[in-house]
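Visitor: Predicted model follows, preceded by the sequence.
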Protein chains: 2
Amino acid sequence: MFAPPVQRLVTELGKLPGIGQRTAQRLAFHILGTDPEDANALAAAIREVKEKIRPCEVCFNLADEARCRICQDERRDPAIICVVEGPGDIVPIERTHEFRGRYHVLGGALSPIDGVDPEDLKVAELYRRVSESHPPVREVVIATNPTTTGEATAHHIAAALHERTPDVAVTRLASGLPVGGDLEYADEVTLGRAFAGRREIA
Amino acid sequence: MFAPPVQRLVTELGKLPGIGQRTAQRLAFHILGTDPEDANALAAAIREVKEKIRPCEVCFNLADEARCRICQDERRDPAIICVVEGPGDIVPIERTHEFRGRYHVLGGALSPIDGVDPEDLKVAELYRRVSESHPPVREVVIATNPTTTGEATAHHIAAALHERTPDVAVTRLASGLPVGGDLEYADEVTLGRAFAGRREIA
């Protein structure tokens, strides 16, 4: 029903995550209606990231040079490393302004069912980085997701680091009630974690 | 926080309708993770629609030749024209398989508040097409949206056609209860239309 170029665009847009057939059509019609410069800017931006972006040689974050912006920033403390599953996880952590160390991007979480083993993640690179760092690493904060696979990954890495570099503190982000949340709506696992992690306030 | 090429892609994706900052980031990370061929296919599809797609010279539907596929199809009845606001409205109508005539795409709906006047739509082209058609047009089905602007556009066009080509029947799609819907949840305007448009069934 569509001319083939329109159909091809709908098909390509429909391959994006969370974009169904209807949304792909709506986006395609929007692109058809925009200025050619806007549409070409989008096309150029897509090509550009595929050409220019590569993993940072230190932490595997996205970079357009050998090292990412965070690894290049001398003000960031190299003695504390926050381990995340993907580069997208760095965004919300940076937004908190709570963390001034460096990152290490694993490229996923361990999941034997899905065939994701330690060799598929940048864990060996993490162990090497921690053991060879000058100045020495003081703390590794494991910020994998609070999911089954994220927890399994955290425990695997914590055990390996304890064995290889016993002087380095290994911590995990706290689980608990979301700020602004409501006890009534908290699931029991989260509420259980909130109890287990309770802290004295006075 | 992102490398500039990544930020540019997030910005360009965020200009698409219904794509907020978070979704744009998610899509950008997805594109970063795909095969270069997939990403380039999307970029190429965007460029291609902007290069190849233009309005059909007869009905203003999207076309990759002078005339769209529907206007080229000899089996489609040229004596009945369905008037729609945009090319996207053709899709759901074609899906019904109820309509075997031709289309006329207005390019929007009349909305004086937003500065959309008859000169901004393809209404003059519609009047000319209807009055000069061989074989003559028997019926114009106005399928603008059942919204304030869509209704206003329908009434404006119906009045103009009645004046210029009084022999041509002008019809409007029925408003009423959606099939599979529930009376209890119908809004009063829709229910009122359903009453006004009631038909004998036996």
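Guide: Nice, I can see it.
Visitor: Can you check the distance spanned by stretch A:101-110, start to finish?
Guide: End-to-end distance for stretch A:101-110, by Cα to Cα, to the nearest Å: 24 Å.
Visitor: Would you mind listing the buried residues in it?
Guide: Within stretch A:101-110, the residues that qualify as buried are A:Gly101, A:Arg102, A:Tyr103, A:His104, A:Val105, A:Leu106, A:Gly107, A:Gly108, A:Ala109, A:Leu110, counting by 16 or more other Cβ atoms under 10 Å in any protein chain shown. Placement of C-beta: from N, CA and C, glycine included.
Visitor: Stretch A:11-31 now?
Guide: A:11-14, A:16, A:19, A:23-31.
Visitor: what's the spacing between that stretch and its chain's center?
Guide: 25 Å (Cα atoms, centre = their mean, to the nearest Å).
Visitor: next one: stretch A:133-142
Guide: Relative to its chain's centre, stretch A:133-142 lies at 19 Å (Cα atoms, centre = their mean).
Visitor: ok, and what's touching it?
Guide: A:78-83, A:99, A:101, A:104, A:126, A:129-130, A:153-154, A:157-158, A:161, A:165, A:167-173 (Cβ atoms under 8 Å, 6 or more residues apart in numbering or on different chains).
Visitor: Give me the neighbour count for A:Thr148.
Guide: 12 (other Cβ atoms under 10 Å in any protein chain shown).
Visitor: Distance check, it against B:Pro118.
Guide: For A:Thr148, the distance to B:Pro118 (Cβ to Cβ, to the nearest Å) stands at 61 Å.
Visitor: now what about stretch A:48-67, what contacts it?
Guide: In contact with stretch A:48-67 (Cβ under 8 Å, 6+ apart) are residues A:68-72, A:81, A:87, A:90, A:102-107, A:122, A:125, A:129, B:2-6, B:8-9, B:28, B:31-32, B:36, B:39-40.
Visitor: tell me which residues in that stretch are buried?
Guide: Of all the residues in stretch A:48-67, those buried under the rule 16+ other Cβ under 10 Å are A:Glu48, A:Val49, A:Lys50, A:Ile53, A:Cys56, A:Val58, A:Cys59, A:Phe60, A:Asn61, A:Leu62, A:Ala63, A:Asp64.
Visitor: Can I get it in CSV? Just the C-alpha atoms.
Guide: The C-alpha trace of stretch A:48-67 is given here as CSV (Å, rounded to 0.1, in the frame of the first residue of the first chain):
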residue,chain,number,x,y,z
GLU,A,48,28.2,9.2,12.6
VAL,A,49,27.8,7.2,15.8
LYS,A,50,28.5,4.0,14.0
GLU,A,51,31.6,5.5,12.4
LYS,A,52,33.0,7.5,15.4
ILE,A,53,31.9,5.8,18.6
ARG,A,54,34.0,3.0,20.0
PRO,A,55,34.6,1.5,23.5
CYS,A,56,36.9,3.5,25.8
GLU,A,57,40.2,1.6,26.0
VAL,A,58,40.2,1.9,29.8
CYS,A,59,36.6,1.5,31.0
PHE,A,60,34.6,0.4,27.8
ASN,A,61,32.2,3.4,28.1
LEU,A,62,31.3,5.0,24.8
ALA,A,63,34.1,7.2,23.5
ASP,A,64,34.9,9.2,20.4
GLU,A,65,38.6,9.1,21.2
ALA,A,66,40.8,6.3,22.6
ARG,A,67,39.6,7.3,26.1
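Visitor: Tell me how far it lies from the chain's centre.
Guide: 14 Å.
Visitor: count of residues packed around A:Tyr127?
Guide: A:Tyr127: 17 neighbours (other Cβ under 10 Å).
Visitor: Now it: which helix or strand?
Guide: For A:Tyr127, the host element (DSSP states H and E) is helix A:123-132.
Visitor: Show me what that helix packs onto, helices and strands only.
Guide: strand A:77-84, strand A:101-105, helix A:148-164 (3 or more Cβ pairs under 8 Å, 6 or more residues apart in numbering or on different chains; DSSP states H and E).
Visitor: which residue ranges form the strands in chain A?
Guide: Taking DSSP state E to define them, one finds strands in chain A at A:54-55, A:62-63, A:77-84, A:101-105, A:139-142, A:169-172.
Visitor: Is it possible to get a markdown table of the ones you listed that adds mean pLDDT?
Guide: Formatted as a markdown table, those follow (pLDDT from 0 to 100):
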| stretch | mean pLDDT |
| --- | --- |
| strand A:54-55 | 94 |
| strand A:62-63 | 93 |
| strand A:77-84 | 95 |
| strand A:101-105 | 96 |
| strand A:139-142 | 92 |
| strand A:169-172 | 91 |
